[in-house]
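Student: 3D model of this:
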Amino acid sequence: MDVALAINRRYAAKSFDPKKKMSGETMEVILSALQNCPSSVNIQPWHFIVADTQSGKRRVAKATENFPFNTPRVMDASLVVVFASRIIADERFLDAILAKEAQDGRYAKPEFKQNVKLIRQRFLGIHRAAGDEAEWLARQVYLNIGFVLMAAAALGADAVPLEGVDLSVLDKEFGLADKGYRALAAVAFGYRKNDDFNAKLPKSRLAREVVFSKA
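Tutor: Numbering: from 1, shown residues only. All right, here's what the predicted structure looks like:
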């Protein structure tokens, strides 16, 4: 993989070619990226609604009624993913993470498992005391969005994050609150149309002397 090429090729696709579909193998790699993204203390506070059929995409598109420019991006994409974050990381959720880590062989000794539990609780305690637990959990999900955008670029696919969606509609449509989650955004994946204006525009980023400082 040419990382530099992928970085420079990536852009926010404004229109997808509905006739060019992602392969099952490509979709599988994207799902793997979603599942394997890093998060603080491996808390993994995300849930994904995966829409890869027209009926599934129509459900997501209900949230674009007030953002009609995003409707064709949802409907023409090969895959649309709704990103949701846990509202709180309760004990049941934390115990499930520990159990899965133990099952996957991450703890050579029982005390290692207990240490991780205490560390995770400490981080949560800091954010609960600050009153920003939900926002801290959401930040982990935004890490995931960036992670999977890079994965898509490395695969030669295109993507666009969609915050122009009605999150309350997505919450209701997929019963997210009942599962302990809230919608944050959606990302559409596919392949750009030849006439996508944004693909032809040069990238514009602040200069390095503005965004970097030497330590």
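
Student: CA-only coordinates of the helix or strand residue 35 falls within in CSV, if you can.
Tutor: Here residue 35, judged by DSSP states H and E, is contained in helix 24-36. C-alpha atoms of helix 24-36 as CSV (Å, rounded to 0.1, in the frame of the first residue of the first chain):
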residue,chain,number,x,y,z
GLY,A,24,-17.9,-8.1,-1.0
GLU,A,25,-14.2,-8.3,-0.2
THR,A,26,-13.8,-4.5,-0.1
MET,A,27,-16.9,-4.1,2.1
GLU,A,28,-15.4,-6.8,4.4
VAL,A,29,-12.2,-4.9,4.8
ILE,A,30,-14.2,-1.7,5.7
LEU,A,31,-16.2,-3.6,8.3
SER,A,32,-12.9,-5.0,9.7
ALA,A,33,-11.5,-1.5,10.0
LEU,A,34,-14.6,-0.4,11.9
GLN,A,35,-14.3,-3.3,14.2
ASN,A,36,-10.5,-3.0,14.8
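
Student: Point to the residue nearest the middle of this structure.
Tutor: residue 145 (3.4 Å; CA atoms, centre = their mean).

Student: Was I right to think it contacts residue 187?
Tutor: Yes. Shown here, residue 145 and residue 187 form a contact pair, counting by CB atoms under 8 Å, at 6.3 Å. In this view, the C-beta of every residue, glycine as well, is placed from N, C-alpha and C.

Student: Tell me which other helices or strands the helix or strand just after the helix holding residue 35 touches.
Tutor: Remark: after helix 24-36, the chain's next helix or strand is strand 46-51, criterion DSSP H and E. Here strand 46-51 touches helix 24-36, helix 54-61, strand 79-86, helix 133-154, going by 3 or more CB pairs under 8 Å, 6 or more residues apart in numbering; DSSP states H and E.
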